[in-house]
Every structure is written in C-alpha cells, then in structure tokens.
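Participant: fold the following and give me the result.
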Amino acid sequence: MEFLRISRINLLLLCILIVQGSQAQSFSVKPTSLQYPLEPGQSGYRHITVTNMTDEPKTHTVSKGDFMPDSLGNTLRYPSGTTPRSCSEWLQISPSTFDLAPNESKKIRIAIEVPPGEGTTKWAELYIRAEEELLSLPALADKSLQSQLQAQGRIAVPVLQSPASNVAFEAKVANMRAANYSEVKMYYADLINSGDKLVTGQILRTITHLDTGQKKQLPPFKVGLLPDERKTIEFPLPDDLVEGSYQITTIWQVDYQKRPKGARLQIELE
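Facilitator: Reported below is the predicted structural model:
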C-alpha cells in the first residue's frame, strides 16, 4: 500500500511538471490582475487578452472562482460564490469559451455589476485554460489528486472590486518576537490589515546597538495584504552583528495611510 501511495504521488508530480512545462509556452494572459473602483449600484468592465502561443488551433475557457490567503502566504481556492468576500457572482465573462488560431489573440470582456449597498472590498479569480490540455490530463481514481492536477493547467487572474470612496486603510505591525533558538539570528512579526482596502507599502527596518547607539538600516521590501489578511513574516538579521543588546524597529509604511504603524523588539545576542 505504501508503494502504491508513493507511486500515485510521483505520478501526480510528473504530470504537474509536464503540464507546467507545456502550459508555460501554450498561451499568455494580460493583464495579470483586474481592479474596479466602482461605487454601489454601478457597473463597468475591463478586458483580458488571451494569446495562443502555439502553432496549433486551441479552444480556451474562462471560468470564475474564489480565493483567500492564509497567514503563511498560501492562496486557498474555493468554488465560485462561497467565500464572505466573493464578488465572483457579480462578474460576467464574454465570451467564456473561444477558439484561437496559432499566435492569435482575443480580448475577453469582464463586466461587473455591483449591487446597491455593497460598499466593501470584494474579490474573486478568473481561471483561463486551454481545453485540449485539460482533456489530455490522465484520469485518476483519486478525485482530490485529479483536481490538484487540473489546477496546475490554468492561469489565474485575481479580480478586485473596491469603491473609490472607500478609504478605510488600516494596517500595522504587531507581535514582534525573537526566534526561540539562539543559534539562528532572526525574528518574526505579524502584518495585519484590519481595514477594508488592499494595502501595499514598504517594510522599513532599523536595528540599533543599545550600548554604542550605532544604527543599521536593513534592506526594505514591499508587501501587500487584502482586507482581513494577517501574515507572519520571518526577518533574518545581518550576519555581522556583534554581541550585545539591540532594539529592532519595524515599520510598515503603507500607501495612503497617513501615519505608518510600527513595532519594536529588544533582543540579546551572545
């Protein structure tokens, strides 16, 4: 039984590699995300362009689904219309199935109609597939493995709807703590978006030696979080730090938020 289980996993991994390799050259989708700034009761549309990058005619499909991020940065996907923040049922795809000749491109209209009273940020995902590649996947008795395999043969385009009048930006750094094993120099912090807007911004870090007062600016990087999202970030410390007491300041300088929210942590390096 263990051999059979391993064989099935190896088959899945092999098929995923095959699909990913062919899919990377099969078709392209632009843009890679869609954003709508519509007010409650308004409607609008955007386009995505799908290009057949092969020398054979292909049939493509566009479908809808939901997703939610977890605290580790993974994307969890769900059926259309099943998550609290979903706007997938507001979307209309035209056309949802179409043929493309070799190297041909087609614009797909993605319309959205926001119901009255819906003033919060919502999101969904579009899934674009080449039907021939989907049909060529091996049939597996294990349906969970089959669904995982099918998910590899598509391109996902996130869709975000957030009214322009909604300015509920609220993001912060919290719960900074040192690693609980002294031989590894790192610390952790939670980034929390408690507002109702997608937030993006720079993480700025400073480490100060408390005995000498010497400060060191650590390289910044950009982070974005959806509303209600909480992400734990692992921050490695520089290898050249000497022994002593340090204060680490971490600030998330979020776009559109007037006062950046940060946190401090004191650590001892021996």
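
Participant: hang on, Leu198 packs against Leu160?
Facilitator: Yes - with contact defined as CB atoms under 8 Å, Leu198 counts as touching Leu160 (6.1 Å). (Each C-beta comes from the backbone N, C-alpha and C, glycine too.)

Participant: any shared contact partners between the two?
Facilitator: The overlap between the contact sets of Leu198 and Leu160 (CB atoms under 8 Å, 6 or more residues apart in numbering) consists of Thr121.

Participant: how far away is Leu225 from Lys231?
Facilitator: 6 Å (CB to CB, to the nearest Å).

Participant: and if you look at Thr51?
Facilitator: Counting by CB to CB, the gap from Thr51 to Lys231 is 33 Å.

Participant: neighbour-wise, which of Leu225 and Lys231 wins?
Facilitator: Using other CB atoms under 10 Å as the criterion, Leu225 and Lys231 rank with Leu225 on top: 22 against 18.

Participant: beta partners for that one?
Facilitator: Val199 (DSSP bridges).

Participant: kindly report the same for Gly65.
Facilitator: Beta bridges link Gly65 to Glu125 when assigned by DSSP bridges.

Participant: any idea how far it is from Lys216?
Facilitator: Shown here: Gly65 relative to Lys216, a distance of 44 Å by CB to CB.

Participant: neighbour-wise, which of these two wins?
Facilitator: Gly65 (20 against 14).

Participant: which residues does that one contact?
Facilitator: Listed by CB under 8 Å, 6+ apart, the contact set of Gly65 reads 77-80, 88, 124-125, 127.

Participant: how about Leu210?
Facilitator: Applying CB under 8 Å, 6+ apart, the residues contacting Leu210 are 244-247, 266.

Participant: so what touches stretch 164-173?
Facilitator: Stretch 164-173 is contacted by residues 37, 39, 119-121, 189-197, 199, 201, 225, 250-252, 254, 256-257, 261-263 when judged by CB under 8 Å, 6+ apart.

Participant: try stretch 235-248
Facilitator: Residues outside stretch 235-248 that contact it (CB under 8 Å, 6+ apart): 176, 185-189, 205-212, 216, 218, 250, 264-270.
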